[in-house]
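[1] Fold the following for me, if possible:
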Amino acid sequence: MEMEVVFPGGKKVDVHYNGFVIPTDQDRESGGEGSAPEPFALFLAALASCAGIYVLSFCETRGIPTAGLKLVQRTISGPEGKGLARIELEVVLPPEFPEKYEKAVLRVADQCAVKRAILNPPEISLSARRA
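    Numbering: from 1, shown residues only. Next up is the predicted model:
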């Protein structure tokens, strides 16, 4: 997998991947236009959406309706409001969700590949070359 990062102007940073453009920007307080999510927000969104696809697939496989089903992710900052101390992910089940699957759907959400990558981080190497 390869992604290309380009700088279209201002504080914007776009990622080109597989025919998609994933835009990012900084908020106005940080000198950006606030025109797109900040990169860290996309990181958090990757975690939530990964857990979400696992939950969705679990329900679809079992014929469980997904109307009213959602995930809510909350972040807890570290001391003095800095850093990230905790991420809470809550699966909100509709009233008609089968009780027998409640623990199983949590186990499935916990298998998210993004979470596994965070818990077992890869080596990240940097290099430079001239175009």
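[2] hey, where'd the strands end up in this structure?
    Taking DSSP state E as the criterion, the chain contains strands spanning 4-9, 12-17, 20-24, 70-77, 84-92.
[3] Centroid-nearest residue for the chain?
    By Cα atoms, centre = their mean, the mean C-alpha position of the chain lies nearest to residue 46, the distance being 1.8 Å.
[4] Quick check: residue 94 touching residue 69?
    Yes - judged on Cβ atoms under 8 Å, residue 94 makes contact with residue 69 at a distance of 5.7 Å. Backbone N, C-alpha and C define where each C-beta goes, glycine included.
[5] Between the two, which has more neighbouring residues?
    Between residue 94 and residue 69, counted using other Cβ atoms under 10 Å, residue 69 has the larger neighbour count: 18 against 12.
[6] ok, now which ones touch the more buried one?
    Remark: with contacts taken as Cβ atoms under 8 Å, 6 or more residues apart in numbering, residue 69 is in contact with 55, 59, 91, 92, 93, 94, 97.
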